[in-house]
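> From the sequence below, what's the structure:
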Amino acid sequence: MGDVEIPDGDMLAGIFMGQRELMAKYHDIERKRGALTVDGEDFGELDHRLVQWRLKDLAYRTVEEIAEATNCLKNKPWKVSEVTTDRIHFYEELADAFHFFIELCITAGMDAEDLAKIYHRKHAVNQFRQRSNY
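Next comes the predicted model:
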């Protein structure tokens, strides 16, 4: 995938920190173009209509990037020949989706620790369901 420097320490916390840095720069650009953004003091205000609008927009952007990733998958069950997948492009689109997802989490008021805790709590529920044939 190429040489990329990955910061030491908590990877998820580093991702959240990096996304906050990107948000600070991109929000100015988006505002100048007339897009709605949410200021940091409003992160987590889930009842605020503008925060809800931004969360919906970020969710849409996340789904759009996932759809772009799936467009890289060209092999169809009905086709005889197989096409080699552009793996790098596929991964880049997934990374784009992840960027928007992390921004969605931040705008919703979550940090890396919140996401990890909620993930592991849900994971435990899913494991229980598997064990109990739910």
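> So Arg20 sits against Ile106, correct?
Yes. Assessed by C-beta atoms under 8 Å, Arg20 is found in contact with Ile106 at 6.3 Å. The C-beta positions use only the backbone N, C-alpha and C, and glycine is treated the same way.
> Mind checking which of these two has more residues around it?
Neighbours around Arg20 and Ile106, counted as other C-beta atoms under 10 Å, are more numerous at Ile106. The numbers are 21 against 15.
> Beyond whichever strand or helix holds the more buried one, next helix or strand please.
Secondary structure assignment for Ile106, by DSSP states H and E: helix 87-107. Remark: after helix 87-107, the chain's next helix or strand is helix 112-131, criterion DSSP H and E.
> just checking, what packs against that next one?
helix 11-32 (3 or more C-beta pairs under 8 Å, 6 or more residues apart in numbering; DSSP states H and E).
> Not counting its own residues, what contacts the helix it packs on?
6-7, 36-37, 98-99, 102-103, 105-106, 111-113, 115-116 (C-beta atoms under 8 Å, 6 or more residues apart in numbering).
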